[in-house]
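Peer 1: starting from these lines, generate the structure:
(chains A, B, C, D and E)
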Amino acid sequence: MLELIEGYYAYFFLILLFLIGLYGMMIKRNLMKKIFGMSIVQTSVILFWITSAFKENATVTVFDPGIGLENPDLYLNPLPHTLMLTAIVVAVVTLGVSFALIIAIYRNYGTLDEPRLLERTR
Amino acid sequence: MKTPSGSPIIQVAARGLVPVIQIIGLYVFFHGHYSPGGGFQGGVLLAASILLARLSLGTEVSQLLFPARKTIIFSALGALIFAGTGLAALLAGGHFLNYEFLPLPGLEPAELRNWGILIIESGVTLTVMTSLIAIYDEIIGC
Amino acid sequence: MAAAAGLPPRGDLHAPAHLLVNPAGAPVAGAYYIQHAYKHAGTPNIVTVVLADYRGFDTLGETLVVFTGAISVLFILRRRRP
Amino acid sequence: MQWQIEILLYIILIVAALSALGIRNLLAAVVILNIFSFMSASIMVSMGAIDVAFTEAVVGAGAVGVFNILAILRTSRKSLD
Amino acid sequence: MNPIQIPLLIPVTFLFASLLTPLAGLLGRSWAHLVSLAGAVFVFFLSLKGLGAALAEGPLRYYVSGWLPPMGIEFVLDPLAGFLEVIITGMTVLVLIYARKSVEIENPDKAVPFYTLTMLLMTGLSGMVITGDLFNLYVFLEISALAGYALLAIGGKRAPFSAFRYLTLGTLGAGFYLMGLVFLFMTTGTLNMADMSRMLPLVNGSFTVTTGLILIILGAGLKMGLFPLHTWLPDAYTNASSAATSLIAPVGTKVAAYIMIRMLIISGFPPLIELLTWVAAAGIIAASILAIAQSDIKRMLAYSSVANIGYIALGITLANPLAFIGAMLHILNHALMKAVLFFAAGGIFIKMGTRDIFQLRGLPKKMPFTAGAMLIAVFSMVGIPPTGGFFSKIYLIFGAIEAGTWFFVAVILISTLLNFVYFFRVIQTSFFKPYENGGTTDDDVKYESMEMDEMSPGMLVPTLIISVVIILVGLFNGAIVDKVITPGHPWFSG
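Peer 2: Numbering: from 1, shown residues only, chains lettered A, B, ... in the order given. Reported below is the predicted structural model:
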């Protein structure tokens, strides 16, 4: 039981986080809240990838002459880290664009509440 | 904030902080080969310093620090530095973005890669910094 | 959530992503990067090497994403200047 | 002992996510979202991904926070749910 | 130019064009247009050449930065990718010719960013088609998605809101894709597509892999507007400017469909796709019925897009050669038909000032060429023999028969009938309604006074070119199937 928790707790927390973000995007009516949900979803996915790079008793991905390069088990897996740098950038830029859209919506309608927007767009 | 902040505390703090953040940004960018950091983080820090200046000094004054109209041009130029490095390697006979073939004289392959990484990271820094400033400027609407 | 139970445990050294050679016989990228990055680029930070060299096109794409973001915001919000 | 600390961080992370979605004052939600971002950066550090953690911290504090606050100031501060 | 470099040059040329366009925009709008058009034309010929080379010598592979596949990123141009690449780039050229005038009328002060975003969108789409690396695909996906959100956000007053809904759902789709990818990455340890397809049989059948695939397909479905996930599509298409819609509608969703094809090929068509077939069939019927209820022509076309995406998904998921050929042919046909119809809708809105299909009276008299092109496209949509649409539907029906699923045959036939119903209203009001009550109503007087007032040549020529191509595709469909689609087929080329 303890092993199960130790091995898998991160996945369960992260999937829970993903579902929380999904709930924010689907149920919340304020567009700003939808964006927060979106960013939570993205963070949970990023953390999931980082978890996939983790190795027990391994050190960070900077070359250390004292350890050497022969045994890759002594360093963390650098590939997911690299990919997630890109993913974070993408997340930030998406946030920027969505703020631009929100401001454009507010300019046109003066509200960010989804039911009211649906009313006014009719 | 289109107008300068009225509080003297903010003014003084921003004046002190902006150059420090810029230096840290440059350090992060150049030291990316040895410690965590690199083009993107350096770019964000440099952008943050200018955003701080815009927040505290007001849009009008901080235009002198970095004019809003030129952001997109520099953004395109930064990406062009990156892509142009790749193209140079392609034209010199290698694969796209293969830094071993960069036309820089008198360097070992490993050193060439080292320099190639530095060149493209500078492109990334320029693009990230100017793009973030551009997004800020458009959101604030100047 | 049940699907996560099929994943390799966190920190497992024998997860497929961390092996030297995968069961299909191809080398696995992560270990290869660790073993060769310093030799190839003379840079201690492996992540930087992977980011800028081995997967350089991803980073180019990332730069392009940032550029796209700037252009998009400009396209959406800019009004006609006087 | 590492994983016990991480569990604590995860719990704070989830509480922060829930309260950021639940609170009605958007400016407060942004502050909580900054905590959320910082917590995720801490988790990354504890898993050894210092590059990513550094990026996340820089981005969460520098760019996203400023954009969030700007967008809220340009629109409205209150949320109905 | 070495043919081995073609897979690289296709996205990279678009990339350079997108970076040079804003710089050229400093000199003036027409320079920006010229640069983007030159880039698109160049890539079009490049992709034709690449398709030829791929058919002659097998898939072209390019290793970016010189690293072999599992380490570096590889670009693969196999016949399937080449076929899609030709469609995408050809469409881009024609849309750019069309867009010059259209943008000039609709929002002239945003012309330079518009061309830049077009080029960025095409960088993303062509890169998605050509890449052989699953994470690189995500990066390209985001480039094209961001450009798409921005393009669809300009238009009517409601456009930003519909673009925002597209953004949230699109980002969610990308999140699902990335989540599925991490499941696959953790079980297989690779990101390269060829590597992945070799690895998956060793671990297949586990619940984790299945979940990963479901998540990826869910993400692709969100992006392509497959039926229950289509809610963003009609709004976004209706409210955007006509240049943007005619750019995104023909190609954007097709590339998402292509991702789905790729994933299914990589995973070797797992059993879960039967469910997908039913979803696609439900989507065809439901979207056709919804299309009948619309009176706005762009909205109707958007629902018809959803229905046609359903055809493509149906053809892919039936998982037999004939249906696959039908799906590929339908990707081509649908891109052509939708381009003509959206071009025509944009032109009609400019000249007649309406998008209501019940006020299109006198269209053939006022805009004869547009009406003719539209008629051809409608014939193709419904599936009348000499046009391309007929043949793709025939292949789909044969595919369904071969799979032994008579239900899906019925679905295709019923939806053809529904297609006929909703397009017939357009034909009826515009062609067969000269006089009603002896020529006395106001409407008739307006009709009398109508004179020929055609779209400007820059907009008309692309429309006519595509409508000729529709007929050509119909006439030479055998050649296309034998020479291009069959070699690209996963069961034939191995």
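
Peer 1: the residue of chain B found nearest chain A: neighbouring residues, count only.
Peer 2: Ranked by Cβ to the nearest Cβ, the top residue of chain B for proximity to chain A is B:Ile135, at 4.4 Å. C-betas here are computed from N, CA, C, even on glycine. When neighbours are defined as other Cβ atoms under 10 Å in any protein chain shown, B:Ile135 has 31 of them.

Peer 1: next to chain B in this structure, residues from chain D, please.
Peer 2: Proximity of chain D to chain B is assessed by Cβ under 8 Å from any Cβ of the partner chain, with D:50-51, D:53-55, D:58-59, D:62-63, D:66-67, D:70-71, D:74 identified as the residues in range.

Peer 1: can you check chain E too?
Peer 2: Where chain E comes near chain B, counting by Cβ under 8 Å from any Cβ, the residues are E:5, E:8, E:12, E:15-16, E:19-20, E:22-23, E:26, E:62-66.

Peer 1: which one among those gets closest to E:Ala174?
Peer 2: Minimum distance to E:Ala174 across the residues of chain E next to chain B is 20.2 Å, recorded for E:Leu15 (Cβ to Cβ).

Peer 1: and the closest residue to the closest one other than its chain neighbours, how far from chain B?
Peer 2: When the adjacent residues along the chain are set aside, E:Leu15 lies closest to E:Thr123, with 5.0 Å between them (Cβ to Cβ, 6 or more residues apart in numbering or on different chains). Taking Cβ to the nearest Cβ, to the nearest Å as the measure, E:Thr123 and chain B are separated by 11 Å.

Peer 1: ok, now E:Thr89?
Peer 2: 19 Å.

Peer 1: please identify the helix or strand for that residue.
Peer 2: When elements are assigned from DSSP states H and E, E:Thr89 belongs to helix E:79-106.

Peer 1: find the closest residue to chain C in chain D.
Peer 2: In chain D, no residue comes nearer to chain C than D:Asp51, which is 4.7 Å away by Cβ to the nearest Cβ.

Peer 1: coming back round to it: what's the first helix or strand after the one helix or strand the residue nearest to E:Leu15 maps to?
Peer 2: E:Thr123 belongs to helix E:111-130 when assigned by DSSP H and E. Next along the chain after helix E:111-130, taking DSSP H and E as the criterion, comes helix E:134-153.

Peer 1: near chain C at all, that following helix?
Peer 2: Yes: interface with chain C: helix E:134-153 contributes E:135-136, E:139-140, E:142-143, E:146-147, E:149-151, E:153 (Cβ under 8 Å from any Cβ).

Peer 1: how far is whichever helix or strand comes after that helix from where the chain is centred?
Peer 2: If you walk from helix E:134-153 toward the C-terminus, the next helix or strand you reach (DSSP H and E) is helix E:159-188. Taking Cα atoms, centre = their mean, to the nearest Å, one finds the center of helix E:159-188 at 19 Å from the center of the full chain.

Peer 1: next SSE downstream of helix E:159-188?
Peer 2: Stepping forward along the backbone from helix E:159-188, the first helix or strand reached (DSSP H and E) is helix E:193-203.

Peer 1: do a quick rundown of the helices in chain C.
Peer 2: When secondary structure is read from DSSP state H, chain C shows helices at C:29-41, C:46-49, C:56-77.

Peer 1: point out the one among those that comes closest to E:Ser246.
Peer 2: Put simply, out of these the one that sits nearest E:Ser246 is helix C:56-77, at 17.4 Å, with distance taken as Cβ to Cβ.

Peer 1: now the angle between helix E:134-153 and the closest one, please.
Peer 2: In this structure, helix C:56-77 runs at an angle of 10 degrees to helix E:134-153, with axes from the mean of the first three to the mean of the last three Cα atoms, to 10 degrees as the basis.

Peer 1: helices or strands up against helix C:56-77?
Peer 2: The contact analysis (3 or more Cβ pairs under 8 Å, 6 or more residues apart in numbering or on different chains; DSSP states H and E) places helix C:56-77 against helix A:78-109, helix B:71-91, helix B:109-140, helix E:6-25, helix E:111-130, helix E:134-153.

Peer 1: circling back: make CSV out of the helices of chain C and add mean neighbour count.
Peer 2: Conversion of those to CSV gives the following (neighbours: other Cβ atoms under 10 Å in any protein chain shown):
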stretch, mean neighbour count
helix C:29-41, 22
helix C:46-49, 28
helix C:56-77, 27
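
Peer 1: would a markdown table of these with mean pLDDT and distance to E:Leu272 be doable?
Peer 2: Listed next are these as a markdown table, based on pLDDT from 0 to 100; distance: least, Cβ to Cβ, whole Å:
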| stretch | mean pLDDT | distance to E:Leu272 |
| --- | --- | --- |
| helix C:29-41 | 69 | 28 |
| helix C:46-49 | 76 | 36 |
| helix C:56-77 | 88 | 30 |
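
Peer 1: nearest to E:Ala400, out of these?
Peer 2: Ranking the helices of chain C by distance to E:Ala400, with Cβ to Cβ as the measure, places helix C:56-77 first at 39.1 Å.

Peer 1: still on that earlier bit, please report which of the residues of chain D next to chain B has the highest neighbour count.
Peer 2: Compared across these, D:Asp51 has the highest neighbour count, 29 neighbours, by other Cβ under 10 Å.

Peer 1: in chain A, which spans are helices?
Peer 2: Listed in chain order (using DSSP H), the helices of chain A are A:2-27, A:31-52, A:78-109, A:114-121.

Peer 1: can you check which of the ones you listed gets nearest to chain E?
Peer 2: Of all these, the one in closest proximity to chain E, counting by Cβ to the nearest Cβ, is helix A:78-109 (3.9 Å).

Peer 1: how many other residues sit next to E:Phe398?
Peer 2: By other Cβ under 10 Å, the burial measure for E:Phe398, its neighbour count, is 17.

Peer 1: contacts only, for it.
Peer 2: Residues touching E:Phe398, when contacts are defined by Cβ atoms under 8 Å, 6 or more residues apart in numbering or on different chains, comprise E:322-323, E:326.

Peer 1: which strand or helix spans it?
Peer 2: The secondary structure element spanning E:Phe398 is helix E:388-402 (assigned by DSSP H and E).

Peer 1: what average pLDDT does that helix get?
Peer 2: Model confidence over helix E:388-402, given as mean pLDDT, is 83.

Peer 1: may I see the buried residues of that helix?
Peer 2: Neighbour-count burial for helix E:388-402, with 16 or more other Cβ atoms under 10 Å in any protein chain shown as criterion, is recorded at E:388-400.

Peer 1: turn the helices and strands packed on helix C:56-77 into a markdown table, columns for mean pLDDT.
Peer 2: Converted to a markdown table, those look like this (pLDDT from 0 to 100):
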| stretch | mean pLDDT |
| --- | --- |
| helix A:78-109 | 88 |
| helix B:71-91 | 86 |
| helix B:109-140 | 85 |
| helix E:6-25 | 87 |
| helix E:111-130 | 89 |
| helix E:134-153 | 90 |
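
Peer 1: about what we covered before: got JSON lines for the residues of chain D next to chain B, with secondary structure and pLDDT too?
Peer 2: Shown next, in JSON lines, are these (DSSP: H, G, I helix; E, B strand; the rest coil; pLDDT from 0 to 100):
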{"residue": "D:Ile50", "secondary structure": "helix", "pLDDT": "84"}
{"residue": "D:Asp51", "secondary structure": "helix", "pLDDT": "84"}
{"residue": "D:Ala53", "secondary structure": "helix", "pLDDT": "89"}
{"residue": "D:Phe54", "secondary structure": "helix", "pLDDT": "88"}
{"residue": "D:Thr55", "secondary structure": "helix", "pLDDT": "87"}
{"residue": "D:Val58", "secondary structure": "helix", "pLDDT": "87"}
{"residue": "D:Val59", "secondary structure": "helix", "pLDDT": "87"}
{"residue": "D:Gly62", "secondary structure": "helix", "pLDDT": "77"}
{"residue": "D:Ala63", "secondary structure": "helix", "pLDDT": "82"}
{"residue": "D:Val66", "secondary structure": "helix", "pLDDT": "85"}
{"residue": "D:Phe67", "secondary structure": "helix", "pLDDT": "86"}
{"residue": "D:Leu70", "secondary structure": "helix", "pLDDT": "84"}
{"residue": "D:Ala71", "secondary structure": "helix", "pLDDT": "85"}
{"residue": "D:Arg74", "secondary structure": "helix", "pLDDT": "81"}
